[in-house]
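> here's a sequence, model it:
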Amino acid sequence: MLPQNASSTGFGPRDSIRPAVSYACKPLPVHRILPLLLAIIVTCWATIAPACPFCDSLPRTLSDDLGESSAAVVAHPEAVSAEADGIRVYRMRITDVLKGDPALKNSAVDVTSARELSAAENFWLVGYGEARLQWFPPDAITSEGISYLRGLSGLPEPGPQRLEYFLRFLQHTEDFIAADAYNEFAEASLKDVKGLGDKLSRDWVIDQLRDTEVPLHRRRLCWTFLSQCGIAKDTGLFDDALRQRRSDPAFNPGMDAAISCFISLGGEQALARIEQDFLANHAAKESDCFSAVSAIRVHGTELNVIPRERLATALRHLLARPELADLVIPDLSRWGDWSAIDRMVELFQMSTEETALLKPAAVRYLKTCPLPDATAALERLRNIDGNAVQVAEASMRFNLGRASIPVPPPNLDEPTLDANDSRAPEAADQSQGR
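Residues are numbered from 1 along each chain as shown. Below is the predicted model of the structure:
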């Protein structure tokens with residue numbers, strides 16, 4: 001049996017294989033499917049490895065292919081025969097074996113492809129199985145690509161040292177290589193990215209952020225880089241991005257990553273501005289509020305720039321906006337901010353069809369809170385709408401919401417930035433020309 005998603009590397013179109021499947025058993029009723037799905041989601045969330053919180057991961061890396069395949073080779077087409085529906089069968093001669101039985105070299109294999117393959121090009125092939133290899137459709141590869149692939153085999157386990165190899169390939173002229181290097185960062189943890197330290201080029205990162213043609217996923221990664229290698233005056237790049245967005249509505253700054261970087265470099269003063277411009281501003285766009293919440297959540301989970309108590313204070317502004325309050329209630333709960341007990345009752349009472357998530361969010365907050373006042377408040381909610389409380393309590397058996405997700409403490413080995421830190425701004429207003 002082939003591994004799931006084995007046919008995709010994310011660097012070129014792959015021919016899909018869609019097996020026909022028939023189901024002889026009666027499908028489960030909806031009321032039994034939903035609890036099952038919730039349980040699966042919670043289980044999967046707990047087993048997913050942490051990755052860069054602001055990077056959009058591409059389907060797979062070449063390292064994934066190398067690690068999971070039985071064989072990985074370079075080959076070139078020798079002959080082709082056409083089949084139905086435009087599918088071609090190519091006889092490929094293997095010229096290089098990167099993984100697998102060395103005896104594969106110089107042998108011929110048959111592979112299918114919906115694309116026309118040039119006999120003048122080399123192709124990357126991965127095979128799965130034991131007794132008989134199943135080869136997936138090929139991707140064109142150059143000599144530089146082959147050299148890049150060879151470098152993958154000797155890399156250390158995930159960590160900063162591994163990322164150093166990919167750092168120099170992020171701006172490679174070949175998409176095949178540059179995209180894979182990016183995807184390695186997308187799959188890396190923020191802790192590993194932070195470990196790169198002085199290996200990051202601040203000038204290069206700034207140039208990337210000033211280039212409006214840089215794709216969004218790369219811009220978000222560069223904001224993450226800048227948060228590690230930037231200095232206080234670089235907070236001005238955040239304003240530059242906002243000005244660019246105002247002049248060109250199609251421009252996407254990557255707001256969540258940009259806000260997180262802004263707070264990392266600007267500290268308390270930067271957070272106060274995010275509060276004023278987005279969280280406490282009822283006229284702020286919801287998308288910007290979402291981005292601000294995501295950025296603050298990452299700070300409270302993985303960074304140690306601002307104390308969690310202060311971050312929770314910032315998030316509490318959204319409790320004044322019922323249409324957005326459910327976004328932050330789980331964060332307040334998992335960070336142990338129990339100052340909003342009375343507000344939970346108010347939000348529960350004012351819940352409408354448009355803000356239906358408020359009721360279960362308020363119940364979960366009060367159920368998680370260890371204070372006696374929360375128990376009393378929960379009884380008040382039972383008197384208001386006992387059925388809603390019962391439904392929320394029942395759902396907690398499968399999914400307690402974001403508040404149930406374990407949150408590691410910030411790295412206490414890294415001191416919180418203060419006014420004496422070389423990266424902390426003397427005044428955010430001065431650095432932004434305000």
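
> for the stretch 51-200 of the chain, what are the low-confidence residue spans?
Within the stretch 51-200 of the chain, the segments meeting pLDDT under 70 span 51, 56-59.

> for it, just list every one of the helices.
62-68, 143-152, 160-167, 175-187, 190-194 (DSSP state H, counting those that start in this stretch).

> buried sites along the third one?
So that's helix 160-167. Under the neighbour-count criterion of 16 or more other Cβ atoms under 10 Å, helix 160-167 has 160, 162-163, 165-167 buried. Any C-beta I mention is one placed from the backbone N, CA and C, and that applies to glycine too.

> what packs against the longest helix anywhere in the chain?
Once the chain is assigned using DSSP state H, the helix that runs over the most residues is helix 372-395. Helices and strands touching helix 372-395, as assessed by 3 or more Cβ pairs under 8 Å, 6 or more residues apart in numbering; DSSP states H and E, comprise helix 341-350, helix 358-368.

> nearest to D96, out of those?
D96 lies closest, by Cβ to Cβ, to one member of these: helix 358-368, at 55.8 Å.

> just send the helices of the stretch 51-200 of the chain back as CSV, with distance to C55 too.
Below are the helices of the stretch 51-200 of the chain laid out as CSV (distance: least, Cβ to Cβ, whole Å):
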stretch, distance to C55
helix 62-68, 16
helix 143-152, 19
helix 160-167, 12
helix 175-187, 4
helix 190-194, 9
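
> tell me which of these sits nearest to I94.
For the helices of the stretch 51-200 of the chain, proximity to I94 was assessed by Cβ to Cβ; helix 143-152 is nearest, at 12.8 Å.

> thinking again about what came up before, L200: which of the buried residues of helix 160-167 is nearest?
Among those, and counting by Cβ to Cβ, the member closest to L200 is L167, at 7.6 Å.

> which ones are touching the closest one?
181, 196, 199-200 (Cβ atoms under 8 Å, 6 or more residues apart in numbering).

> ok, H76 to Q134 distance?
Per Cβ to Cβ, to the nearest Å, H76 is found 20 Å from Q134.

> residues of stretch 332-347 that come out buried?
332-335, 337-338, 340-341, 343-345, 347.

> that older thread, and the contacts of L167, which are buried?
Neighbour counting by 16+ other Cβ under 10 Å classes 181, 196, 200 among the contacts of L167 as buried.

> adding distance to P215, write these out as JSON lines.
Converted to JSON lines, the buried ones among the contacts of L167 look like this (distance: Cβ to Cβ, whole Å):
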{"residue": "A181", "distance to P215": "14"}
{"residue": "L196", "distance to P215": "21"}
{"residue": "L200", "distance to P215": "19"}
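
> nearest to R245, of these?
L200 (25.1 Å).

> got a list of contacts for the longest helix of the chain?
Contacts of helix 372-395 (Cβ under 8 Å, 6+ apart): 38, 338, 341-342, 344-345, 348-349, 359-360, 362-367.

> what's the local residue count around R243?
Residues near R243, counting by other Cβ atoms under 10 Å, number 12.

> ugh, wrong one, I meant V363
Neighbour tally, V363, other Cβ under 10 Å: 26.
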